[in-house]
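Q: what's the 3D shape of this:
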Amino acid sequence: MTNSNPKNRQERLDRVFNPQTVVVVGSKKIDEYNWLKNMSTFTGKLYSVQIDPNEIPGIEELGITNFKSLKEVPEPIDFVLCAVPRPVTPRIVQDCIDVGVGGVVLYTSGFAETATEDGIRLQEAITKMAREADLMLVGPNCMGIYNPKVGVRFGQDQVAGVSGHVSFISQSGSQGSGFGLECQAQGLNVCKVVSFGNGVVLDSPDYLEYFAQDPECQVITMYVEGTRDGRRFFKTLRDVAQRKPVLVWKGGQTPDSARATRSHTASLAVSSTIWDALIRQTGAIPVHGLEETVDMAKALLFTKPFTGARLGLLAVAGGHSVEIADAFSMQGLNVPALTEASYEKLASFFSVIGGSFRNPLEGGGNMASEEKVIDILRILEEDATIDAIVVEMGMFGRRNLNVLERRVKTLVEFKQITTKPLWSCWSGGVTRVDPEAQQKAALELQEGGVPVFGSITRAARAMGKFVRYSRWLQEQ
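A: You can find the predicted model right below:
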């Protein structure tokens, strides 16, 4: 979107992301008034626009005032959510322009992504209208905006009343929803999410520029299938990546997925090799898949940049010590021998029955004692050959959840005294941990500044990318 005043554009986008008045147009009983219910957590004023007399009683039963037109709403409108049939969309866009709304989200689909004459024609019409009026239009063919701090949502499973430091720009509604839910499951609070679909007016660079200046956002993540202006995209990405970490997940990098992106958001594919090379030149971090995106966001939020690649690894058992060493080594990281002084200290108390104090340290029975775990961690902290520490959390059965609670307490307390990065990871595979207990443990660890990853492999992959990114920062 072109605008001669970037500051003004930033302020206008902020009005859309942080509205005081929201109007939902076209919510219906057939979808259980879903869009109005999504906004039930909104902290400002919420209204409905619906002209069908059969729908209005159900809306009023929700305690929401309904109007027949946007022009009847008696106060300035910051944000309109439009869920009307495709042929009606131009009329709603015109009403938004006439009353001077802050911005409009077009949930409606069936435009250029269908490759039909009618769809293309209607998309061109609403694009022309919005651009000429300088209307902040999100979409079409999108889920819109999620800002948990003010309770603006596009799904009733999304939490509200909290605020985090990671934002997500998504060309896909389902990936936008999935990101927020995966963050919730992993103990992260989201700052803001935007699903922008076809992006006919506001494209990914507009959101990059917005989040670059958003003081609440510390890490920007993206899912994109294509861009309308490649030159602007890469220039903006390069500029923003100098100020904040940016993770880019590209959809449609194979012939099979390219067909899907064309019908999904009318985007063209770019080969993964070319795309990743271009992304790295900007300083952004390429990621692949939802898990890796959330893992890397977590790494960036909880860890200050460090360039050392020598790791002290604490595993729960022999086979796991081999697995954890392989996983981190295959990411270009090192698992060095400790100093002789460290081995002398370990030998004074470490039980070698069911354990080993090489590196990785194979805890065995030693990890049943939190006092010994603390002693091991302190030795790794003092060892000059170690740059960062990773602790495998293991698979705690429901009968020994008290051990899990003690381990969490140990790591959080150690985090307060260590000068080295401290990460943790679950063993992965089939877990015997109660899911609620595991999520509670993850929340407590991360509240204490210790990121926890879903498996050894995921932790290793995240750390490899994190160290490479830290080295890039050092070279700037």
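Q: Toward the C-terminus, what is the element adjacent to the helix or strand of the chain with the lowest mean pLDDT?
A: Within the chain, no helix or strand scores below helix 255-265, which has a mean of 48 by mean pLDDT, DSSP states H and E. With elements assigned by DSSP states H and E, the helix or strand that comes after helix 255-265 is helix 272-282.
Q: That following helix packs against which elements?
A: helix 230-241, strand 246-250, strand 285-287 (3 or more Cβ pairs under 8 Å, 6 or more residues apart in numbering; DSSP states H and E). In short, each C-beta sits where N, CA and C put it, glycine included.
Q: Turn the ones you listed into TSV, including mean pLDDT and mean neighbour count.
A: TSV is the format used below for those (pLDDT from 0 to 100; neighbours: other Cβ atoms under 10 Å):
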stretch	mean pLDDT	mean neighbour count
helix 230-241	95	18
strand 246-250	96	25
strand 285-287	94	23
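Q: got these as a markdown table, with distance to A297 columns?
A: Formatted as a markdown table, those follow (distance: least, Cβ to Cβ, whole Å):
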| stretch | distance to A297 |
| --- | --- |
| helix 230-241 | 15 |
| strand 246-250 | 6 |
| strand 285-287 | 9 |
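Q: Between these, which one is closest to F302.
A: Within the helices and strands packed on helix 272-282, the stretch nearest F302 is strand 246-250; the backing value is 14.6 Å (Cβ to Cβ).
Q: from the chain's centre, how far out does the closest one sit?
A: Centre-to-centre, strand 246-250 and its host chain are 10 Å apart (Cα atoms, centre = their mean, to the nearest Å).
Q: With respect to V99, which of the helices and strands packed on helix 272-282 lies nearest?
A: Among these, helix 230-241 sits nearest to V99 (Cβ to Cβ), with 30.4 Å.
Q: Please list the outside residues in contact with the closest one.
A: With Cβ atoms under 8 Å, 6 or more residues apart in numbering as the test, helix 230-241 has contacts from 203-205, 208-209, 211-212, 220, 227, 246, 248, 278-279, 281-284.
Q: Buried members of those residues into PyMOL, please.
A: In PyMOL syntax, the buried subset of the contacts of helix 230-241 is picked out as below (16 or more other Cβ atoms under 10 Å):
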select buried, resi 203+204+205+208+209+211+212+220+227+246+248+278+279+282+283+284
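Q: Where does pLDDT dip in the stretch 251-400 of the chain?
A: Per-residue confidence for the stretch 251-400 of the chain (pLDDT under 70) gives these ranges: 253-270, 352-356, 364-368, 395-399.
Q: which residues touch P87?
A: With Cβ under 8 Å, 6+ apart, P87 has these contacts: L122.
Q: Can I take it that it is in a strand?
A: No. Using DSSP: H, G, I helix; E, B strand; the rest coil, the secondary structure at P87 is helix, not a strand.
Q: Can you read off the pLDDT for G429?
A: pLDDT recorded at G429 is 67.
Q: Tell me where the stretch 301-450 of the chain has helices.
A: 318-329, 340-347, 370-382, 401-415, 435-447 (DSSP state H, counting those that start in this stretch).
Q: Nearest to A160, out of the ones you listed?
A: Going by Cβ to Cβ, the one of the helices of the stretch 301-450 of the chain nearest A160 is helix 435-447, 17.4 Å.
Q: next helix or strand past the closest one?
A: Heading C-terminal from helix 435-447 (DSSP H and E), you reach strand 452-453.
Q: hmm, who's touching that next one?
A: Strand 452-453 is contacted by residues 187, 295, 298, 393, 423-426, 441-442, 445-446, 459, 462 when judged by Cβ under 8 Å, 6+ apart.
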